[in-house]
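Enquirer: What would the 3D arrangement of this be:
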Amino acid sequence: MAERSLAFALIVIVISSMIVPLLSLPLVLSQSALSPDSYEPDNSIEQAKEALLGDVQNRTIYPAGDVDYVYFYVEQWSFVIIETAPVEGYDGGDTILILEDSHGYLIKSDDDSGTGRFSKITVFLPRGKYYIQVRGRGTFAYQLYIYGVPKSPEVVYSVDDPKNDDHGPGSYVYPIDSENFPKGAFDMTKFEVYYAQDFIGFKVTFQTLGPNIYNLSYGFSLQNVYIVIDAREGEGDTSLGDGPRVSLAEEDAWDILIRVNGNSCDVTFYESPYAEVTAAVWSEGSSINVALKVKDIPEDYMKSFPSWKYQVLVGGYDPNEESLWRDVDVYPGFWVFGGADPSAHSAGVAPKVIDMLAPPWASQELELSSYNVSKGEYATIYCVGPSRSPPAVHGLIMEKSGLTVNLSWDGYYWAEKYFVDVYLPDNSKFISKETKESSISIDLAPGADYRISVRAYSNGYYSSPSEVNVSVPLNEAPSVKVSPSSTGATIEIMFPKYPTVGSYEYKVATDKELKNVVSSGTSKSEKITISGLSPESTYYVAARIISKYGYSSPWNITEFSTGALVLSKPKPVIQEKSYTYIAVKWDLVKYADEYEVIAVDSSGKKVFDATTKQTSVVITGLAPGEVYIIQVRAMNSTYNYTSDFGAVQGMTEYLESPEIAFIEYPERGRAYIAWTNVKGADAYEIQIARDKAFTTIVYDNFTSIAELNITLSSGTYYVRVRAYSSAESVYSAWSKAAEINIPRASIIEIIRANIIYIGAGAGGVVALFIVLRILKKRRAKALKEKALRQMRRK
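Expert: Below is the predicted model of the structure:
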């Protein structure tokens, strides 16, 4: 609109610059010189005098009450300025300017938009004849100026129609008189809508208009054209009468119907069907043009002007037919179209439309073939327009049975298929389906409110969705399976894994009314483990499903009982023992929180009785060489349950192992070994070997005393000792092995062995040998005394 206003302003400036010099032509009149002008009489439409565009007429309003009528022609869309102005040198005058169409209907008027109290009208005008009224107050002289600039108005909507589709539903042919009905005379190729301030224009272009065989006033004879406009949603009429034999779809009901032929033009508004409306009609080249005054169109219609929907129907004009539409027969004739479906023609439903506008999703041929012979119904057609999409499906009906929803709707003849989308409350898509039928069944999941959308599809276009809502609650309780143990239970909630399931809620109580709940919660898993129950007790578990969308199922309450607490019998084993203690261990027993341990000697006397929370115990203070039976049982102090005793038999060591006290080397090749005396032993076995594993034994013998003096060759040896009781024929365990190192002969020994060869000068060496010998004997004596003291303490 801003660009349009700027264009008008520029035109006004240009024209005004041309008017001003013309209006300054010298004409000096005085009040006493006033008289009727030379155009009189011109006081009515019938007496109106012609003015050419560009004329300047010098006129008077005289006598008082005088009215001047002028007419002029516009040959094409033009921007026109009509203005009254004062005569130079005379300041008086007050005009009212009125512009009327060829029928005398008002187009526009003005009082004081010109100079002083004079008038000025600027207007876009279509081709036609127009009248000007000039009225005044008092008597005065004035100048009348009319100027026009050819200019096409703004095109607000334009649509091309395919060429050579002037065959109706696809089978129609022209009358055989090709001279009067040339090919292309009914082939619409373009439709345009113009906005021109005070007018709305429509232009229908054909390949050719053909001859004006009836010499009609608008310059064409062959065509009968209906321009259909859906100007407001939700109201209008779908009937177009019996002329074209088609009906509009309900969503495209007409609000403005323009019926034009070469001899007449009828404009009907649905809102005011009896309003008198005149339209400008003319032919130009191969086009038929119609223009309506904006002021004639209901204001409510103009509010939605940018989104008007249109249809143009083209047929033959026949002045001898009551409907003025030329007939279409099964076979063509000189004045009759041919190619009609015989059954449709017989039923009176064969369309008389030769060409029309068709939306991209419903072809002309498909639309004009949509009649119903058996029901006697005309074909249903649709409008085109800015952003026009296929209409939403009608008559959508939903029936629910359990989890199944059955949908049905009124099918469209043009729809290739239908898309059905089901949405969850969070607008995520639950399922999508497509069908070529006008019904479908869909299985839903319980626990949600659904929005179901149905869209028609054709040739790449989708209709607006038609929607229904349906709620599917969780009416069924889940099944529950309980696997109890003595102090707990595994609860399995069984329900189909619908995508609507959010969680599982449970309660465990000691009463059926669920007042004394001992465990409760929600779980994402259908398997729930409960612990801390009492053995041999009755419980009630309630379970239900919670959906993601706010629904919950009924509770399923199931009774179950825990079993007796069964404690496994421990299996003790001897871990370690000596001659005074035995260490016992066993595996952990399920449900046990402590263990009782009893030890009984060979006489049946209980020598140990204690409880522990550990799985091992060391029993001390035992007699050497004694056989003991050790019993262990598991206990549950919470519920006062005990298991059977598990037992193991063990014997303490009879003799204590001796310990090697020391080893000394009194002289070359000899070793002195002493060990601790063992109570109850009357002999000791001693072994000497070359290796720690005692595989190469060089000495193995018994002795009754706790020492051994032995001669060995040089080298490294290992010695071990064990005690022996001949009365019980029992050995102790071997002592820890000790290492013996027999050195090679020392330098002193070598010297001593060869002393006869040393002269008197060797006296110092002999003295040194004597000193070393004395020190070695003293050290050996001290070690021996220490060992004897240790043996006495034992």
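Enquirer: all contacts plus neighbour counts: C-alpha atoms, from now on.
Expert: Fine.
Enquirer: what's the pLDDT at Lys481?
Expert: On the pLDDT scale, Lys481 is placed at 97.
Enquirer: What helices and strands are in contact with the helix or strand encompassing it?
Expert: Using DSSP states H and E, Lys481 falls within strand 479-484. Packing partners of strand 479-484 (3 or more CA pairs under 8 Å, 6 or more residues apart in numbering; DSSP states H and E): strand 488-494, strand 556-561.
Enquirer: Starting from the first one, tell me which strands it pairs with and how they run.
Expert: According to DSSP bridges, strand 488-494 forms sheet pairs with strand 479-484 (antiparallel), strand 527-531 (antiparallel).
Enquirer: Relative to Tyr699, which of those strands is closest?
Expert: Nearest to Tyr699, of all the strands paired with strand 488-494, is strand 527-531, at 67.1 Å by CA to CA.
Enquirer: tell me which residues of the closest one are tucked away?
Expert: For strand 527-531, burial by neighbour count (16 or more other CA atoms under 10 Å) applies to Ile528, Ile530.
Enquirer: Ok, stretch 588-608 next?
Expert: 588-589, 591-592, 594-601, 608.
Enquirer: Any chance of the backbone angles for Glu299?
Expert: Torsion angles at Glu299 (phi, psi; degrees, to the nearest 10) stand at phi -60, psi -40.
Enquirer: What is the neighbour count of it?
Expert: 11 (other CA atoms under 10 Å).
Enquirer: Okay, it and Ile630: tell me how far apart.
Expert: As for Glu299, its distance to Ile630 is 111 Å (criterion: CA to CA, to the nearest Å).
Enquirer: what's the answer for Lys679, then?
Expert: 26 Å.
Enquirer: So between these two, which is more surrounded?
Expert: Neighbours per residue (other CA under 10 Å) separate Lys679 from Ile630, with Ile630 holding more: 26 against 13.
Enquirer: That one pairs with what?
Expert: Here Ile630 sits in beta bridges with Ala599, Val648, as judged by DSSP bridges.
Enquirer: And it, how close does it get to Ser119?
Expert: 132 Å.
Enquirer: Now distance to Ser534 and mean pLDDT too, for the helices and strands packed on strand 479-484, in CSV please.
Expert: Converted to CSV, these look like this (distance: least, CA to CA, whole Å; pLDDT from 0 to 100):
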stretch, distance to Ser534, mean pLDDT
strand 488-494, 8, 97
strand 556-561, 9, 97
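Enquirer: any chance of the ones you listed in a markdown table, plus mean neighbour count and distance to Ala445?
Expert: Shown next, in a markdown table, are those (neighbours: other CA atoms under 10 Å; distance: least, CA to CA, whole Å):
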| stretch | mean neighbour count | distance to Ala445 |
| --- | --- | --- |
| strand 488-494 | 19 | 16 |
| strand 556-561 | 17 | 20 |
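Enquirer: nearest to Thr435, of these?
Expert: strand 488-494 (34.4 Å).
Enquirer: quick check: angle from the closest one to strand 556-561?
Expert: 150 degrees (axes from the mean of the first three to the mean of the last three CA atoms, to 10 degrees).
Enquirer: roughly how far out does strand 488-494 sit from the chain middle?
Expert: Taking CA atoms, centre = their mean, to the nearest Å, one finds the center of strand 488-494 at 35 Å from the center of the full chain.
Enquirer: which other residues reach it?
Expert: If you take CA atoms under 8 Å, 6 or more residues apart in numbering as the criterion, strand 488-494 is touched by 478-484, 504, 526-534, 543, 562.
Enquirer: Now, of those residues, which are buried?
Expert: So, by 16+ other CA under 10 Å, the buried ones in those are Pro478, Val480, Val482, Pro484, Tyr504, Glu526, Ile528, Ile530, Leu533, Ser534, Ala543, Thr562.
Enquirer: what's the third one in contact with, if anything?
Expert: Same thing as Val482. Residues near Val482 by CA under 8 Å, 6+ apart: Ala489, Thr490, Ile491, Glu492, Phe560.
Enquirer: Just the closest of the residues you listed to Lys49, please.
Expert: Of all the contacts of Val482, Lys49 sits closest to Glu492, with 103.0 Å by CA to CA.
Enquirer: Now do the SS call for the nearest residue to Ile82 once chain neighbours are set aside.
Expert: The spatially closest residue to Ile82, leaving aside those adjacent along the chain, is Ile146, at 4.6 Å (CA to CA, 6 or more residues apart in numbering). Secondary structure assignment for Ile146 (DSSP: H, G, I helix; E, B strand; the rest coil): strand.
Enquirer: Ile146: how many residues sit nearby?
Expert: A count of nearby residues for Ile146, using other CA under 10 Å, gives 20.
Enquirer: Any regions of the chain where pLDDT drops low?
Expert: Where the chain drops to pLDDT under 70, the residues are 1-32, 89-91, 728, 745-794.
Enquirer: so what's Glu365 closest to, chain neighbours aside?
Expert: Per CA to CA, 6+ apart, closest to Glu365 is Pro169, 4.0 Å.
Enquirer: Pretty sure Leu368 is one of the things the one you found touches, is it not?
Expert: Yes - with contact defined as CA atoms under 8 Å, Pro169 reaches Leu368; the gap is 4.9 Å.
Enquirer: What about Ala33, how many residues nearby?
Expert: Count around Ala33 with other CA under 10 Å applied: 8.
Enquirer: How about stretch 619-631, which residues are buried there?
Expert: Neighbour-count burial for stretch 619-631, counted by 16+ other CA under 10 Å, picks out Ile619, Leu622, Ala623, Pro624, Gly625, Val627, Tyr628, Ile629, Ile630, Gln631.
Enquirer: domain ranges for this protein?
Expert: 2-150, 159-381, 394-472, 479-561, 573-651, 660-762 (automatic domain parsing).
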